[in-house]
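Novice: return atomic coordinates for the entry below.
(2 chains)
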Amino acid sequence: MVVPRATGPALVDGPSGEPLLSVRDLVTVFPQTAGVVVAANGVSFDIRQGETMGLVGESGSGKSVTCRSILRLVPEPGEVIGGSILFQGEDILSVSPGRLRQLRGSEISMIFQDPMSSLNPVYAIGDQISEPLRIHRRMGRREAREEAVRLLDRVGIPSPRERLDSYPHELSGGMRQRVMIAIAISCRPKLLLADEPTTALDVTIQDQILSLLLELQAENGMAVLLVSHDLGVIAQTCERVTVMYAGYVVEQATTGELFERPRHPYTVALLKALPELAAARTGGRLVPIRGQPPDLGMLPPGCPFAPRCELAEGKEDSRHDVSMTPIEAAPDHWTACPFHEEIRL
Amino acid sequence: MSRNGADPLLAVEGLVKTFAVRQPLLQRVRLRHRLRAVAVDGVSLTVRRAETLGLVGESGSGKTTLARSILRLIEPDAGLIRFDGRDITHARRPELQSVRRRMQMVFQDPYSSLNPRLKVGAAVAEPAIVHGLVSREGARAHVEEMMGLVGLPASAADRYPRQLSGGQRQRVAIARALSVRPEVLIADEPVSALDVSIQAQILNLLDDLLQQLGLTMVFIAHQLSVVRHISDRVAIMYLGRIVEEGPTEQVFEAPQHPYTKALLAAAPSPDPRQRHTRAATRGDVPSPLQIPSGCRFRTRCAYAEERCAEEDPALRPVGLEQEAACHVLPFREST
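Specialist: Predicted structure coming up:
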């Protein structure tokens, strides 16, 4: 069942011209009693039409906050204080509340890790799928119900017509996520934001949901921003990857490039720390990343990864000057590490 | 980690555990019986001294219930649990207490398994004091030794759990388990809540401790790569049953049961050159309230035949020390 698929630049050079989404220098902060936590610190990336961009990082890296910032869904007291988010040339950060409502759900939709908390427990599934259809696609009640059946069927829910009257708690976790996906694609969005969509699911169900997402994407030509902590999930689904650490983008490249020739010491360390499923390594040692995850309230000046980085050893004088500005290490391959040429794989 | 030597330290035979389900009165009257969720449905396994048995399964497979039943934290409905040659299925207080000293558990979430109001040092000392291994006066030195064992500075003893990172907290939970000098460690998803970079630290620590202390371990996880890394033998569970069991390398290199194969195929490989395009399984895991007749995996199995719905397959040898419960084996893969 495992078939190698071509990766690399050929896959991403499809549609040219303007990117669908262009995030530039995004800064999202969370005021705390003792100072301010900068959750997204100058984040920039593009998503082209129909492509899948992976946003990967560990807890506290800022990947979810970045994703939520796109739809201005950052939870209080968090706030976007800088940058721009251009969607088809329109800056989402400055659109009117009315326009924002139009964008949300119809042009850009979002699915979350826990479908139980994003579905309304007191409304039947059918009503929840019909709602966006009636609002954004101006369908009548009956028409919306028929479309809901079609959508449920499309996302792989058995006996979809009977399921219209079910409530979220009557469904399994995988089925709930399918319902969320049905709602998310109901208005044929151009961009789907998926925040850890399979993290709460078992591995066989995760596999089904990811396959479904890729199928739907191929059908509808929508772009996907897939936020995940799981490098396996990213490798299996994305065309390009953005790696985040402590609020910064540290590396960005096509998936093939990133996994084969990582150009930031953090990405290198992360890949080395993974136990391998395929290779016999019994008795072998894993290579952990030393030290502890960064304390976002007290980041060192310069590169936030420096205290855990092997390359930073002996660079105590210069490492504070690292600006975290992306450097093009190879064509379409960006790193925030000025010492990337010293990386040995 | 010795793989040979038929010295079962721990043995479970025909273990069954079901749970009553809350249901409306009307339904109870109509059905004339109470619905019961089957968590563990006739599981037998042995763990040899100084080996690590990996227990793999998805949610609802019964792996946690099985682990808790071994420690008698849950009372099984039927079956036997033998520890070091003695039947402990019905052991009472004094004996049970000694069993629990010798078998310790590490949980997934060190945030909830540690008392937030207890300093780390006190949390580590407590079980040793309760079991009479150290006096209150001697506790300090004992705590220092345990902290050293798990790679924490002695100064961490004076902190509260919330002042530590997730990885440090899991080290504390391990120190607390080791505090009573157990022979068996039952680790229930000990690295699942941790970030990759920290997960590797804890796995290496467990590896070291196993060798250093000659511990026997039951390691429960849903992440196959982690299980492969640490286990000598693995048992794959599905809906309350072991469907395949054998030496780790063999099961991963030559899986026999269709469920094991599906599980391996479904695990996302961090190698973009190894992409699979079609989902490895179909359908949902059936409800533990309505386990399918015959083979319980048949509803999702690509190889299911008629008899799979009729007969419940038993584990049988499919390789050297490898067993699987499947009627269709050996089957040929259509290539």
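Novice: how much space is there between residue B:53 and residue B:178?
Specialist: Taking CB to CB, to the nearest Å as the measure, residue B:53 falls 19 Å from residue B:178. From N, CA and C alone the C-beta is placed, and that goes for glycine too.
Novice: state the three-state secondary structure for residue B:283.
Specialist: coil (DSSP: H, G, I helix; E, B strand; the rest coil).
Novice: shaky segments in the stretch 201-335 of chain B?
Specialist: Within the stretch 201-335 of chain B, the stretches with pLDDT under 70 are B:331-335.
Novice: now the strands: where do they sit in it?
Specialist: All strands of the stretch 201-335 of chain B, identified by DSSP state E, counting those that start in this stretch, fall at B:216-221, B:233-238, B:241-247, B:316-319, B:322-324.
Novice: which residue lies nearest the spatial centre of chain A?
Specialist: residue A:227 (2.2 Å; CA atoms, centre = their mean).
Novice: roughly how far out does stretch A:109-117 sit from the chain middle?
Specialist: The chain centre lies 13 Å from the centre of stretch A:109-117; the measure is CA atoms, centre = their mean, to the nearest Å.
Novice: got the domain ranges for chain B?
Specialist: B:6-91+B:232-270+B:278-335, B:92-222 (automatic domain parsing).
Novice: hmm, residue A:182 is touching residue A:156, no?
Specialist: No: applying CB atoms under 8 Å, one finds residue A:182 not in contact with residue A:156, separated by 9.5 Å.
Novice: gap between residue A:261 and chain B?
Specialist: Shown here: residue A:261 relative to chain B, a distance of 12 Å by CB to the nearest CB, to the nearest Å.
Novice: how close does that residue sit to residue A:228?
Specialist: 21 Å.
Novice: so for these two, which residue has more residues nearby?
Specialist: residue A:228 (25 against 15; other CB atoms under 10 Å in any protein chain shown).
Novice: read off the pLDDT value for the more buried one.
Specialist: The model reports residue A:228 with a pLDDT of 96.
Novice: how about the strands of the stretch 1-150 of chain A, start to end?
Specialist: A:21-32, A:35-47, A:52-56, A:79-87, A:90-91, A:108-111.
Novice: in JSON lines: the ones you listed, plus mean neighbour count and mean pLDDT.
Specialist: Below are the strands of the stretch 1-150 of chain A laid out as JSON lines (neighbours: other CB atoms under 10 Å in any protein chain shown; pLDDT from 0 to 100):
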{"stretch": "strand A:21-32", "mean neighbour count": "18", "mean pLDDT": "96"}
{"stretch": "strand A:35-47", "mean neighbour count": "21", "mean pLDDT": "95"}
{"stretch": "strand A:52-56", "mean neighbour count": "26", "mean pLDDT": "97"}
{"stretch": "strand A:79-87", "mean neighbour count": "17", "mean pLDDT": "96"}
{"stretch": "strand A:90-91", "mean neighbour count": "13", "mean pLDDT": "96"}
{"stretch": "strand A:108-111", "mean neighbour count": "24", "mean pLDDT": "96"}
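Novice: residue 137 - how many residues pack around it?
Specialist: Picked chain A for this. Neighbour count of residue A:137, defined by other CB under 10 Å: 14.
Novice: sorry, I should have been clearer: chain B.
Specialist: Residue B:137 has 7 neighbouring residues, counting by other CB under 10 Å.
Novice: that one: what secondary structure?
Specialist: Looking at residue B:137 with three-state DSSP, the answer is coil.
Novice: can you tell me how far it is from residue B:159?
Specialist: When distance is defined by CB to CB, residue B:137 is 22 Å away from residue B:159.
Novice: got it, and residue B:311?
Specialist: For residue B:311, the distance to residue B:159 equals 57 Å [CB to CB].
Novice: other residues contacting the longest helix along chain B?
Specialist: Assignment by DSSP state H gives helix B:196-213 as the longest helix of chain B. Applying CB atoms under 8 Å, 6 or more residues apart in numbering or on different chains, the contact partners of helix B:196-213 are A:58, A:229, A:231, A:269-270, A:273-275, A:285-289, A:292-293, A:308, B:1, B:50, B:52, B:149-151, B:165-167, B:170-171, B:174, B:178, B:185, B:187, B:190-191, B:194, B:215, B:217, B:219, B:226, B:229-230.
Novice: now list the buried members of these.
Specialist: A:58, A:229, A:231, A:269-270, A:273-275, A:286, A:288-289, A:292-293, A:308, B:1, B:50, B:52, B:149-151, B:166-167, B:170-171, B:174, B:178, B:185, B:187, B:190-191, B:194, B:215, B:217, B:219, B:226, B:229-230 (16 or more other CB atoms under 10 Å in any protein chain shown).
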